[in-house]
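1. Structure here, sequence nowhere to be found:
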């Protein structure tokens, strides 16, 4: 405006000298931009003021002074040619010693300084107010180039304009979401506070930067990006030491994390109640792992339940249960065998091993299974016979193989069937059922499946050895010791004595279990997986057909079965086996119609 007002006019020659524009050095080091500060175009200093040209003749001086005094009284100082300052300057150009003009200019300077100070304190429309103050100070400096108040006030105006520009740049950066990065809002507000520590607008801006970072942190947490949320919180924490707002935000975000984890855990657990929900539950677990802290309890619960569901369905390893029968009774007591893998068969250097037990090979069960805790009892099998009107093989044939006390041998004896014990006498209800063929055992499993609605079957050979070993790797089910631990099972012990005083010729030296013949089920200590009599009492039918070796044997633990095969596999030692036949890898081929006082069975149920 000033420049245009002077266009085309010639300024009078007066003794006042127009000063050079004040640079940063004149304004003090504090006015310089800090290193790394927000890049911006700062407000330029206004151009030096050039007074409007007023042409006076000597006889017009008195009239000009009257006009100038009137303009001064009305506050019209410099914008028009008939304002106070241009008129006083024109008078002084003709009469340099004119006292009235000099006093008039001094009053005009005072008004300029006062109005500039007022504009500096004006809170509204600061941009316009500071521009007006700068313009007034340019006039004042023109009038008093060496005036200390003018220079000081001009410096204040320039600093105020810089502070305003910085505040506005910071607020613009805030709107754009540029908070504390280089050239962002915090840099601008920090520079303002370095120049003016009490600047309320900059203080509010710093608080807004902190609030913006906290808001962004919570938004990141809402999107489950807690790593980003923590980084934003850490950035906010650097703005003010021990800021309570940051501490409160940390608590809120941690609560959001816990709420999300709880929701994922509960949702995953609900998924597991559906037969096809395992995939969805695993997806929720993956999401939970991305946001959880190490060792989080909710994640551990969900992971454990997913693992259990994947390997055990609705069961857990070691769980004991029975299934209800249609007739109101209960099925055999079952226990859940843990999933896993093992080396099946005998090693090449194992004493007593034969080629049929090799090659040793790795078998893995991806899913657990339930196995009857004991061998099937006479009472349990009798319920099947009565309900199904079954006629097991020994009943139809009229005989079975029993132990003969007089000769000490095993002989065929008429009238022996599933109700009989090892010597042909009547068996007790809790004795393991013997004198049954493999097909009798399979018929019982099929009947039990019908009664319970669950799938019962004979164990595969791999399942039997896996459960017999129960995590051990030795020659015998109990390890490599040549004598069984006391109370571990019904084996051929050197201390066992028959009713007529017989002793075993080939037995575990120094071992006695108190039984000559099969013992009632569950009388001896269970193995590590809660199963009784796996290695002794009776040998047991398994589902596999006989193969002369393990070459090409299944690696998943399934039964190796060929439809129509006659030779089946028997596993596990019995009360009348030689010690080498009690090894964990021992196996025997038997005709599927075979019934004997040394062979029984137990069942497996899918879970």
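-> Happy to help now that I have it. Source: prediction; values computed, not measured.

2. Please count neighbours and contacts with C-alpha atoms only from this point.
-> Fine.

3. doesn't residue 363 fall inside a helix?
-> No: note on residue 363: no helix contains this position according to DSSP: H, G, I helix; E, B strand; the rest coil, which reports strand.

4. what sits up against stretch 85-97?
-> When contacts are taken as Cα atoms under 8 Å, 6 or more residues apart in numbering, the neighbours of stretch 85-97 outside the stretch itself are 12-14, 51-56, 58, 61, 64-65, 67-68, 77-78, 80-81, 98, 101-102, 104-105, 108.

5. ugh, typo on my part, it should be stretch 241-253
-> Stretch 241-253 is contacted from outside by 214, 217, 218, 221, 229, 233, 236, 237, using Cα under 8 Å, 6+ apart.

6. And for residue 410, nearest residue in space, chain neighbours not counted?
-> The spatially closest residue to residue 410, leaving aside those adjacent along the chain, is residue 403, at 4.4 Å (Cα to Cα, 6 or more residues apart in numbering).

7. What are the boundaries of the strands in the stretch 251-400 of the chain?
-> Under the criterion DSSP state E, counting those that start in this stretch, strands of the stretch 251-400 of the chain are mapped to 320-321, 334-337, 340-344, 361-365, 369-372, 399-404.

8. Now do stretch 353-371: distance to the chain's middle.
-> Once both centres are worked out by Cα atoms, centre = their mean, to the nearest Å, stretch 353-371 turns out to sit 36 Å from its chain's centre.

9. before we move on, back to that, which two of the contacts of stretch 241-253 have the greatest separation?
-> Across those, the longest distance by Cα to Cα is 16.9 Å; it joins 221 and 237.

10. what secondary structure does residue 100 sit in?
-> Residue 100 is classified as helix under three-state DSSP.

11. Check which residues of stretch 178-198 are buried.
-> Residues 178-180, 183-193, 195 are the ones in stretch 178-198 that count as buried (16 or more other Cα atoms under 10 Å).

12. now do the same end-to-end measure for that stretch.
-> The first and last residues of stretch 178-198 sit 23 Å apart, counting by Cα to Cα, to the nearest Å.

13. returning to what we had before: who has more neighbours, residue 221 and residue 237?
-> Neighbour tally, residue 221 and residue 237, criterion other Cα atoms under 10 Å: the higher count belongs to residue 221, 23 against 19.

14. hang on, the earlier thing: please produce TSV containing the strands of the stretch 251-400 of the chain, extended by mean neighbour count and distance to residue 526.
-> Below are those laid out as TSV (neighbours: other Cα atoms under 10 Å; distance: least, Cα to Cα, whole Å):
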stretch	mean neighbour count	distance to residue 526
strand 320-321	17	13
strand 334-337	25	12
strand 340-344	18	20
strand 361-365	18	22
strand 369-372	25	12
strand 399-404	22	26
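
15. between those strands, which gets nearest to residue 204?
-> If you check each of the strands of the stretch 251-400 of the chain against residue 204 by Cα to Cα, strand 340-344 wins as the nearest, at 63.2 Å.

16. elements contacting the closest one?
-> Of the remaining helices and strands, those touching strand 340-344 by 3 or more Cα pairs under 8 Å, 6 or more residues apart in numbering; DSSP states H and E are strand 361-365, helix 461-469.

17. Could I get the full set of helices for the stretch 201-350 of the chain?
-> Counting by DSSP state H, counting those that start in this stretch, the stretch 201-350 of the chain has these helices, from start to end: 226-237, 244-271, 278-291, 297-312.

18. Would you mind saying which of those helices lies nearest residue 341?
-> Across these (criterion: Cα to Cα), the nearest stretch is helix 297-312, sitting at 12.7 Å.

19. Check which residues of the closest one are buried.
-> The neighbour-count criterion (16+ other Cα under 10 Å) identifies 298, 299, 302, 303, 305, 306, 308, 309, 310, 311, 312 as the buried residues of helix 297-312.

20. So what touches that helix?
-> With contact meaning Cα under 8 Å, 6+ apart, helix 297-312 is reached by 261-262, 265, 268-269, 272, 278, 281-282, 285, 288-289, 292, 314-316, 339, 366-369, 607.

21. who does residue 605 bridge with?
-> In this structure, residue 605 has beta-bridge partners residue 370, residue 456, where bridges are defined by DSSP bridges.

22. just use 8 as the starting number from now, easier for me
-> In the new numbering, first residue 8, that becomes residue 612.

23. contacting residues around it?
-> Contacts for residue 612 (Cα under 8 Å, 6+ apart) come out as 376, 377, 378, 461, 462, 463, 464.

24. How much space separates the fourth one from residue 389?
-> From residue 461 over to residue 389 the distance is 20 Å, taken as Cα to Cα.

25. So for these two, which sits in the more crowded spot?
-> Each of residue 461 and residue 389 has its neighbours counted (other Cα under 10 Å); residue 389 has more, 17 against 14.

26. pLDDT value on the more buried one, please?
-> Per-residue confidence at residue 389 stands at 98 (pLDDT).

27. can you check residue 35 too?
-> We have a pLDDT of 34 for residue 35.

28. Repeat that for residue 51.
-> pLDDT, read off for residue 51, is 59.

29. pLDDT below threshold where in this protein?
-> When the per-residue scores of the chain are filtered using pLDDT under 70, the ranges that remain are 8-52.

30. residue closest to the middle of it?
-> Central residue of the chain (Cα atoms, centre = their mean): residue 296, 1.4 Å from the mean position.

31. Spatially nearest residue to that one, not counting backbone neighbours?
-> For residue 296, the closest residue by Cα to Cα, 6+ apart turns out to be residue 306, at 6.8 Å.

32. didn't residue 210 look like it was pressed against residue 196?
-> Yes: shown here, residue 210 and residue 196 form a contact pair, counting by Cα atoms under 8 Å, at 7.3 Å.

33. Could you list the domains of the chain?
-> The domain map for the chain lists 9-181, 205-321, 341-383+439-612, with the assignment taken from automatic domain parsing.

34. and stretch 383-394, how far out from the chain's middle?
-> Its chain's C-alpha centre and that of stretch 383-394 lie 51 Å apart, by Cα atoms, centre = their mean.

35. Contacts only, for residue 514.
-> For residue 514, counting by Cα under 8 Å, 6+ apart, the contacting residues are 499, 500, 501, 585, 586.

36. before we move on, what about residue 187?
-> 193, 194, 216, 242.

37. Tell me the one among those nearest to residue 157.
-> In terms of Cα to Cα, no member of the contacts of residue 187 lies closer to residue 157 than residue 194, at 31.0 Å.

38. Who are the packing partners of the one helix or strand that closest one maps to?
-> Using DSSP states H and E, the element containing residue 194 is helix 192-202. The helices and strands touching helix 192-202, judged by 3+ Cα pairs under 8 Å, 6+ apart, are helix 155-182, helix 207-229.

39. For the helices and strands packed on strand 347-351, give me JSON lines that also has distance to residue 262.
-> What follows is those, written out as JSON lines (distance: least, Cα to Cα, whole Å):
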{"stretch": "strand 368-372", "distance to residue 262": "41"}
{"stretch": "helix 468-476", "distance to residue 262": "46"}
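
40. nearest to residue 121, of these?
-> For those, proximity to residue 121 was assessed by Cα to Cα; strand 368-372 is nearest, at 93.8 Å.

41. who does the closest one touch, helix- and strand-wise?
-> Packed against strand 368-372 by the contact rule (3+ Cα pairs under 8 Å, 6+ apart) you find strand 347-351.

42. Can you list the strands that the strand it packs on pairs with?
-> Paired neighbours of strand 347-351 in the sheet (DSSP bridges): strand 368-372 (antiparallel).
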